[in-house]
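In: predicted model follows, preceded by the sequence.
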Amino acid sequence: EAQVTQNPRYLITVTGKKLTVTCSQNMNHEYMSWYRQDPGLGLRQIYYSMNVEVTDKGDVPEGYKVSRKEKRNFPLILESPSPNQTSLYFCASSLPQASGRNNEQFFGPGTRLTVL
Amino acid sequence: GDSVTQMEGPVTLSEEAFLTINCTYTATGYPSLFWYVQYPGEGLQLLLKATKADDKGSNKGFEATYRKETTSFHLEKGSVQVSDSAVYFCALSDQNRGSTLGRLYFGRGTQLTVWP
């Protein structure tokens, strides 16, 4: 089954304790992206990756890191989490625009993070 | 820059009522337009899309027409069901900006609740 998986689905942590949220897709997609969803703000892009070893900042990258060492995986790293990073996080993947698929993005189920 | 503005809601309707959720966009190029739906506790799923002016996207009884003259992509359904209760996001992808290939710009989402 074609899908995007994220782990963990729920995480409660404390300020300053490094954490990683994993994201994996099995559709051989080049493009991957991380979003955070907050009430009243919709989805905001954190980072994206056009392909292996190619990453770039989205709208709200502060406090986050990503890596893309393999095509299928795109982990989100919070080196020193703070309470303002409490949010619902989504990973997404798609074929690139040039493929003619009009950029449908496939989303993971979400990771709800609470930073105390 | 590219952006999407949608009716914020919440929208509360009785079953079988008519639904409209307004969405307007700003884009520098020739965007593709999307509606995504998020059911409670789940990630976003593509509901429908339209890739050029006057295209009508449709799925599960929902429709939206790409109106270039009014820069709009309003979502409609003739008779809503309780199972349609979800958050709906309008989004665009600008096809003419190579540096943001694959990027989706989302509206803030509209919560729909349908009562029996």
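Out: Noted; the coordinates are in hand.
In: contacting residues around residue 40?
Out: Picking chain A for this. Neighbouring residues of residue A:40 by C-beta atoms under 8 Å, 6 or more residues apart in numbering or on different chains: residue B:108. To be clear about C-beta, it is placed using only N, CA and C from the backbone, and glycine gets the same treatment.
In: wrong one, I was asking about chain B
Out: So residue B:40 contacts B:85, B:86 (C-beta under 8 Å, 6+ apart).
In: tell me the centre residue of chain A?
Out: The residue lying closest to the centre of chain A (C-alpha atoms, centre = their mean) is residue A:34, at 2.6 Å.
In: who in chain A is up against chain B?
Out: Residues of chain A lying close to chain B by C-beta under 8 Å from any C-beta of the partner chain are A:4, A:30-31, A:33, A:35, A:40-43, A:45, A:48, A:50, A:90, A:92, A:94, A:96-98, A:102-105, A:107-110.
In: now the nearest residue to residue B:48 once chain neighbours are set aside, which residues is it bridged with?
Out: Once flanking residues are discounted, residue B:48 sits nearest to residue B:57: 3.5 Å by C-beta to C-beta, 6 or more residues apart in numbering or on different chains. Per DSSP bridges, the residues bridged to residue B:57 are residue B:64.
In: direction included, what does the longest strand along chain A pair up with?
Out: Counting by DSSP state E, the longest strand found in chain A is strand A:42-51. Strand A:42-51 sits in its sheet next to strand A:31-38 (antiparallel), strand A:54-57 (antiparallel), going by DSSP bridges.
In: in JSON lines, list those strands along with mean pLDDT.
Out: What follows is the strands paired with strand A:42-51, written out as JSON lines (pLDDT from 0 to 100):
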{"stretch": "strand A:31-38", "mean pLDDT": "94"}
{"stretch": "strand A:54-57", "mean pLDDT": "92"}
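In: ok so, going back, and the residue nearest to residue B:48, how many neighbours does it have?
Out: Residues contacting residue B:57 under the criterion other C-beta atoms under 10 Å in any protein chain shown number 21.
In: picking up where we left off before, tell me which of the strands paired with strand A:42-51 lies nearest to residue B:33.
Out: strand A:31-38 (18.2 Å; C-beta to C-beta).
In: I'd assumed residue B:36 was in contact with residue B:46.
Out: Yes: assessed by C-beta atoms under 8 Å, residue B:46 is found in contact with residue B:36 at 5.8 Å.
In: now do the contacts for residue B:9.
Out: B:21, B:110, B:111, B:112.
In: and stretch A:40-52, how far from the chain's centre?
Out: How far stretch A:40-52 lies from its chain's middle: 7 Å, per C-alpha atoms, centre = their mean, to the nearest Å.
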